[in-house]
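# Okay, sequence plus prediction incoming.
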Amino acid sequence: MIEIINLTKKYGKFTALDSLNLTIEKGTVFGFVGQNGAGKSTTFSILATLLSPTSGTAYINGYNISKEPKQVRSQIGYMPDFFGVYDQLKTVEYLDFYGASYGLSQNERQKLIPQLLELVNLSHKQDSYVDVLSRGMKQRLCLARSLIHDPEVLILDEPASGLDPRARVEMREILKELKHMGKTILISSHILPELAEMCDTIGIIDQGRLVAEGSVSDIQQRLKGEKLIIVKLYGGVDKAIRFFEDQHLVSKLTKRDDGATLEFLFQGNAKEQVGLLKAALMQDIAIISFSEMETNLEDVFMEITKGVELS
Amino acid sequence: MRNLFLNPVMNKEFKLRFRSFKSFLGLAFYLLALTILIVGFIYLQTQNSPMGLFRPDQSREMFMLLAFIQLGLILFITPGLTAGVISGEREKQTLNILLTTNQSSTSIIMGKLVSSISFLLLMIIASMPIYSIVFLFGGISPGQVLLILIFYIFTILVFGSIGIFFSTIVRRTIIAMVSTYGVALFLIGGTAFLFTISMAVNSMGAMPANNPVAYFFAMLNPGFILFGFLEPNAFNELSNQIGFGIDVPLWAAYLVSYSIIFIIMIVVSIRKLRPNMKVKSEA
């Protein structure tokens, strides 16, 4: 479990993190979304005991990051957004070094390392030097490294950044496996759809402040009250335009270039949406299809972060 | 204590440092250069001698030459070996990961120090059989050789700790290296220059008798200490002539002052390696 209380980090007059409050329950996969420089990596660095907060604190499995950093380190597996590897070490030696750094005995390491390599699909590369591994393989190796001491909490800063689509899918599958293993995972990305698939909850951070938190659908619902409705017509377009323009819950009505499709924003709930369709049909408007367009997650993200800037 | 010196960082560094063939090639070249120097020295001396002899006093001169060459090597190489060990990890983006492990800061710093100077220690120990050639001709006792070996190891550790210190507190390797070489230059050249100045001032009679300033600069200079080991009477005579006002042997003052430098450098490095997580505003 992770508990963040009024966490603030300032660099001179610049506030990188502004009174962040967050609770992540055990076994939850929490996605931290934000633009570059929003404060994600700062939060992660503080949680990983690599950066001291200006004020506030955080607890990881009950251990205070300020007062018990050593205990915190044994609870977390940390993967930074940018990391290097020791090129002249072999894959097995790389993991063995970190295993020893966490105080695991040689027997434990010998037992664990093949299992971890299997988990991240790198068993066939166990005797390869780390510098010959691809970017995706290095990311997976780093993930295996963060698991070597079997931490309950994983802090993964942009684990899929810079990966090709196949490597992203592989990374996603590994994270799903870790979720099944009951790990509490805090994962960041600046790409919202990337997280939406694998996270139970997401938090959107902007300019050091948490501006939204909840499930992906919750956030969409809460922050996007308007739905985009697409209506395809079989003639009678002018009549349809007049009808929809008269409806008080409809706004920003436009006609598409094909001349037979209308789109508009609708502010009502599901019942009112049904009523709108019924009323249109009662007016003999020739509707071929009446559909609600899926809200683009990127649009939601842009909308939320724009709101913060305006406020 | 065993864990402190046989830690994962040290094992890993040994693996990285001694895995490459280049390390052993470098060692072979160094030993070859030393051998050429000794053979060349002996050859020249015997050629210049009317009877073709190599006398014990010449053997002693050769040993002194070798000792100073090796000291120069130590003082030149140690900053280069140590000033990048922490900042280099930071630049390679491996430090953050290392700092989130359970290894203590003390273990990381000591592991880095010992492993980074290990190659130099290996070079010195490997060159000992070559040094031993002097025993064939006399002029130097085994005790003196052992004493100088201990002096080398101690000096390497202190200069290494200065390198580690700058590597820890300075983010960039190049700046850490320049700073370490700067301090090393002061301890070698700066103290020698200041010693000479203070001696000159003393000899002019401008300062009161028994002025310890020259002694203070001499005790910080590794070259003077080595010279003191090789020519024990030289400083005693100098002290009698000028009057340092301090009876403590120069090597003892060196041992104490450099031990203090070593402890300060290591303690500060250990404390600065990881951030202090305590919230300042709480106070």
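Alright, I've got the coordinates.

# ok, which stretches of chain A are helices?
A:40-47, A:69-75, A:91-101, A:106-119, A:135-146, A:165-180, A:192-196, A:216-223, A:237-246, A:270-282, A:297-310 (DSSP state H).

# ok, the closest residue to A:Ser101 other than its chain neighbours - how many residues close by?
Distances taken as Cβ to Cβ, 6 or more residues apart in numbering or on different chains place B:Thr101 nearest to A:Ser101, at 3.8 Å, with adjacent residues excluded. Using the backbone N, CA and C atoms, a C-beta is placed for each residue, glycine as well. Using other Cβ atoms under 10 Å in any protein chain shown, B:Thr101 has 24 other residues around it.

# what pLDDT does B:Thr101 get?
Looking at B:Thr101, its pLDDT reads 93.

# got it, and B:Glu231?
83.

# ok, it - how many residues close by?
Neighbours of B:Glu231 (other Cβ under 10 Å): 13.

# A:Pro69: what's it in contact with?
A:Thr49, B:Arg274, B:Met277 (Cβ atoms under 8 Å, 6 or more residues apart in numbering or on different chains).

# Kindly recompute the last result at 7 Å.
A:Thr49, B:Met277 (Cβ atoms under 7 Å, 6 or more residues apart in numbering or on different chains).

# Now do the same for it: its pLDDT.
At A:Pro69, pLDDT is 92.

# What distance do you get for it to B:Val201?
According to Cβ to Cβ, to the nearest Å, A:Pro69 and B:Val201 sit 53 Å apart.

# dump the residue contacts of the residue nearest to A:Ser101.
A:Arg73, A:Tyr98, A:Ser101, A:Tyr102.

# One more: A:Tyr98?
A:Arg145, A:Ile148, B:Thr101.

# Can you report phi and psi for B:Glu231?
phi -130, psi 80 (degrees, to the nearest 10).

# near chain A, which residues of the stretch 51-200 of chain B?
Contact residues, the stretch 51-200 of chain B versus chain A (Cβ under 7 Å from any Cβ of the partner chain): B:Lys92, B:Gln93, B:Thr94, B:Asn96, B:Ile97, B:Leu99, B:Thr100, B:Thr101, B:Asn102, B:Gln103.

# one more time with 6 Å, if that's ok
Within the stretch 51-200 of chain B, the positions adjacent to chain A are B:Lys92, B:Gln93, B:Thr94, B:Asn96, B:Ile97, B:Thr100, B:Thr101, B:Asn102, B:Gln103 by Cβ under 6 Å from any Cβ of the partner chain.

# How much space separates the nearest residue to B:Lys278 once chain neighbours are set aside from A:Ser55?
Spatially, and ignoring its direct neighbours in sequence, B:Lys278 is nearest to A:Ser66 (5.6 Å; Cβ to Cβ, 6+ apart). As judged by Cβ to Cβ, A:Ser66 and A:Ser55 stand 10 Å apart.

# what residues do these two have in common as contacts?
Residues touching both A:Ser66 and A:Ser55 (Cβ atoms under 6 Å, 6 or more residues apart in numbering or on different chains) are B:Val279.

# which one of the two has more residues nearby?
A:Ser66 (19 against 16).

# Pull the contacting residues for the more buried one.
A:Thr57, B:Met277, B:Lys278, B:Val279.

# Can you select the buried ones from those residues in PyMOL?
To isolate the buried members of the contacts of A:Ser66 in PyMOL, using 16 or more other Cβ atoms under 10 Å in any protein chain shown:
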select buried, (chain A and resi 57) or (chain B and resi 277+279)
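
# Confidence-wise, which of the contacts of A:Ser66 comes last?
B:Val279 (75).

# got a list of what it touches?
Contacts of B:Val279 by Cβ under 6 Å, 6+ apart are A:Pro53, A:Ser55, A:Ser66.

# make it 10 Å
A:Leu7, A:Thr8, A:Ser52, A:Pro53, A:Thr54, A:Ser55, A:Gly56, A:Thr57, A:Ile65, A:Ser66, A:Lys67 (Cβ atoms under 10 Å, 6 or more residues apart in numbering or on different chains).

# What is the neighbour count of A:Thr54?
17.
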